[in-house]
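> attaching a predicted model along with its sequence, questions to come.
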Amino acid sequence: MAESKKIKITQTKSIIKQLENAKRTIKALGLGRPNYWVVKNDTLQVRGMINTVRHLVKVEEVK
């Protein structure tokens, strides 16, 4: 079975003074505070969530 790609998502900025949609997306990604990070499968759904909060996160590919 093919191994799916993984991406590391790091929150770089606070969600204070952000729109409710961005706050909920950050929580759904499993983040919550600056410098927290998670590793997720690289799927279209996750990419869409990242696109919504692209101004608050940094994305890296995991080997």
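Thanks, I have it.

> so for stretch 47-56, first residue to last residue, what's the gap.
End-to-end distance for stretch 47-56: 14 Å, by CA to CA, to the nearest Å.

> for the protein, just list every one of the strands.
Counting by DSSP state E, the segments of the chain that form strands are 6-11, 37-41, 57-62.

> CSV for these, including mean neighbour count?
Where C-beta positions appear, they are placed from N, C-alpha and C, glycine not excepted. As requested, those are arranged in CSV below (neighbours: other CB atoms under 10 Å):
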stretch, mean neighbour count
strand 6-11, 17
strand 37-41, 14
strand 57-62, 13
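
> to Leu31, which of those lies closest?
In terms of CB to CB, the element of those nearest to Leu31 is strand 6-11, at 4.4 Å.

> by how many degrees do the closest one and strand 57-62 diverge?
Put simply, strand 6-11 runs at 160 degrees to strand 57-62, going by axes from the mean of the first three to the mean of the last three CA atoms, to 10 degrees.

> contacts only, for the residue nearest to Lys5 when sequence neighbours are not counted.
Leaving aside its chain neighbours, Lys5 sits nearest to Asp42 (4.0 Å; criterion: CB to CB, 6 or more residues apart in numbering). Under the criterion of CB atoms under 8 Å, 6 or more residues apart in numbering, the contact partners of Asp42 comprise 4-7, 61.

> wait, Ser4 sits on Asn41?
Yes - contact criterion CB atoms under 8 Å: Ser4 and Asn41 qualify, at 4.9 Å.

> perfect, I'm done here.
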